[in-house]
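[1] Sequence first, then the predicted structure, then my questions.
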Amino acid sequence: MDSTEAQLDEVDLAKSYGRSSALFENLRGEVEFSITDAVGKTGVKLHSIDSRTKKLASIQQKARDKGIKNPLQEITDIVGCRVVCLFKEDISVIQEAISTIFDIVSTDDKSINPESALGYNSIHLICKIPEHYSGPRYRDLSGRYFEVQLRTLCMHCWAAVSHYLDYKGDWDVPKDLKASLNALSGLFYVADNEFSRFSASRKLAIAELDGAHDTASTEINFDTVSKLLRSAFSDRRASGPTSVSNLVQELKQAGYKSLAEVHTDALRARRAAIQYESDVGVRSEDGKFLDTGLMRTALRLANKKFGPSSAKTKTKLVDYEKFLD
């Protein structure tokens, strides 16, 4: 093929890419939406999920480098989606969720490469829209290939750092810098493992709390207070993490030393707090406090040191102390 023919091929590719751009964008949107929905059902918390369509220049370069004659049909990562989770054990859960909605054609685990300091990267899945998907939504999309990258946050951070170093492989790295680069890569790898161990330990501790009784030795922390809220105020809508965290801080500032002390005061003043709630009215969808709101009100009634409250609110609360158990 002479240079004129090569130029004509790239012109044709540009025209074809232009005609296919809407299709690629539809595929990108479908992939990101479907993965977000599927992973959401697993309960796995994600750091981020994003997608992109390769630009024409990138497709042309890849076609030249690899001698690809029909790049729009042969290149499988024109559409790509990157899913960044928190813990290594989440990756297998996400991969399983993806396998329920798409066909996984191949898997390339680039996360472990002991031969390369630059190798702590992603797990790459080449997927396609199943052929049996039908209807207007999947018109022209069924059978189309795309790439999904799965990473932990540590993998993502290391990939970002190493990308900006400009080194494409170990062959690029000066000899006197290789030891430092290996150490950096190892730190991210160790951090990933430690995060996973922490996550597993926390899940075990929470599971043990579910079967435990509140005692003088039960520490006040986010997990134990969350457990108390679920058990003592299960009839109320749950508050978000920030509200629970603020409550933990307020409990410690009030001088509570154990969860048992909190539980005793909350139960003693629960009836009074509900009466207060009923009389004054609460601005919410159901006219009731959230779980943290009801606990705060109960503790303000039971413990003068617990706060803060406005002077007006404190005056009103005094009238409800007669309902304390």
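    On my side now, so go ahead. Numbering: from 1, shown residues only.
[2] part of a helix, is Q60?
    Yes - assessed by DSSP: H, G, I helix; E, B strand; the rest coil, Q60 belongs to a helix.
[3] what's the closest non-adjacent residue to it?
    Excluding its sequence neighbours, the residue lying closest to Q60 (Cβ to Cβ, 6 or more residues apart in numbering) is E10, at 5.9 Å. Just so you know, the C-beta spots here come from the backbone N, C-alpha and C atoms, and that holds for glycine as well.
[4] isn't that neighbour right next to A57, touching?
    No - using Cβ atoms under 8 Å, E10 makes no contact with A57, being 10.3 Å away.
[5] and the two? which has more neighbours close in?
    Set E10 next to A57 and count neighbours by other Cβ atoms under 10 Å: E10 wins out with 13 against 9.
[6] Buried by neighbour count: which residues of the host helix or strand of the more buried one qualify?
    Per DSSP states H and E: E10 is located in helix 3-40. Neighbour counts over helix 3-40 (16 or more other Cβ atoms under 10 Å) mark 9, 13, 17, 23-24, 26-28, 30-32, 34-35, 38-39 as buried.
[7] One more: stretch 47-63?
    Buried residues in stretch 47-63, counted by 16+ other Cβ under 10 Å: I49, S51, T53, K54, L56, I59, Q60, K62, A63.
[8] out of the residues you listed, which one sits closest to S196?
    Checking the buried residues of stretch 47-63 against S196 with Cβ to Cβ, the nearest one is I49 at 20.2 Å.
[9] Could you give the secondary structure assignment for the nearest residue to the closest one once chain neighbours are set aside?
    Of all residues not flanking I49 in the chain, V83 sits nearest, at 5.0 Å (Cβ to Cβ, 6+ apart). Using three-state DSSP, the secondary structure recorded for V83 is strand.
[10] give me every residue that touches V83.
    Going by Cβ atoms under 8 Å, 6 or more residues apart in numbering, V83 touches I35, V39, L46, S48, I49, I94, V148, Q149, L150, R151.
[11] cool, and I104?
    Q95, I98, L125, I126, C127.
[12] swap the cut-off to 10 Å and go again
    Residues near I104 by Cβ atoms under 10 Å, 6 or more residues apart in numbering: Q95, E96, I98, L125, I126, C127, K128, V148.
[13] Check K55 too.
    Neighbour list for K55: Y17, Q61, I78 [criterion: Cβ under 10 Å, 6+ apart].
[14] Helix or strand for F188, just tell me which one.
    Judged by DSSP H and E, F188 forms part of helix 175-210.
[15] hang on, I meant V225
    Counting by DSSP H and E, the element that carries V225 is helix 222-232.
[16] Can you point out the buried residues in the helix or strand following that helix?
    Sequence-wise, the next helix or strand downstream of helix 222-232 (DSSP H and E) is helix 241-253. By neighbour count with 16+ other Cβ under 10 Å, helix 241-253 contains the buried residues V244, S245, L247, V248, E250, L251.
[17] can I get those in JSON lines with pLDDT and distance to T224?
    Shown next, in JSON lines, are the buried residues of helix 241-253 (pLDDT from 0 to 100; distance: Cβ to Cβ, whole Å):
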{"residue": "V244", "pLDDT": "94", "distance to T224": "11"}
{"residue": "S245", "pLDDT": "95", "distance to T224": "13"}
{"residue": "L247", "pLDDT": "94", "distance to T224": "12"}
{"residue": "V248", "pLDDT": "94", "distance to T224": "9"}
{"residue": "E250", "pLDDT": "94", "distance to T224": "15"}
{"residue": "L251", "pLDDT": "94", "distance to T224": "10"}
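[18] and which of these is nearest to V190?
    In terms of Cβ to Cβ, no member of the buried residues of helix 241-253 lies closer to V190 than S245, at 27.9 Å.
[19] show me what contacts that closest one?
    Counted by Cβ under 10 Å, 6+ apart, S245 has contacts N221, F222, V225, S226, S239, T292.
[20] Let's see that with 6 Å instead.
    For S245, the contacting residues are F222, by Cβ atoms under 6 Å, 6 or more residues apart in numbering.
[21] Return the distance of A179 relative to A298.
    For A179, the distance to A298 equals 59 Å [Cβ to Cβ, to the nearest Å].
[22] Which one of these two is surrounded by more residues?
    Higher neighbour count among A179 and A298: A298, with 28 against 10, using other Cβ under 10 Å.
[23] as a whole number, average confidence for the host helix or strand of the more buried one?
    Secondary structure assigned from DSSP H and E places A298 in helix 291-302. Averaged across helix 291-302, the pLDDT comes to 92.
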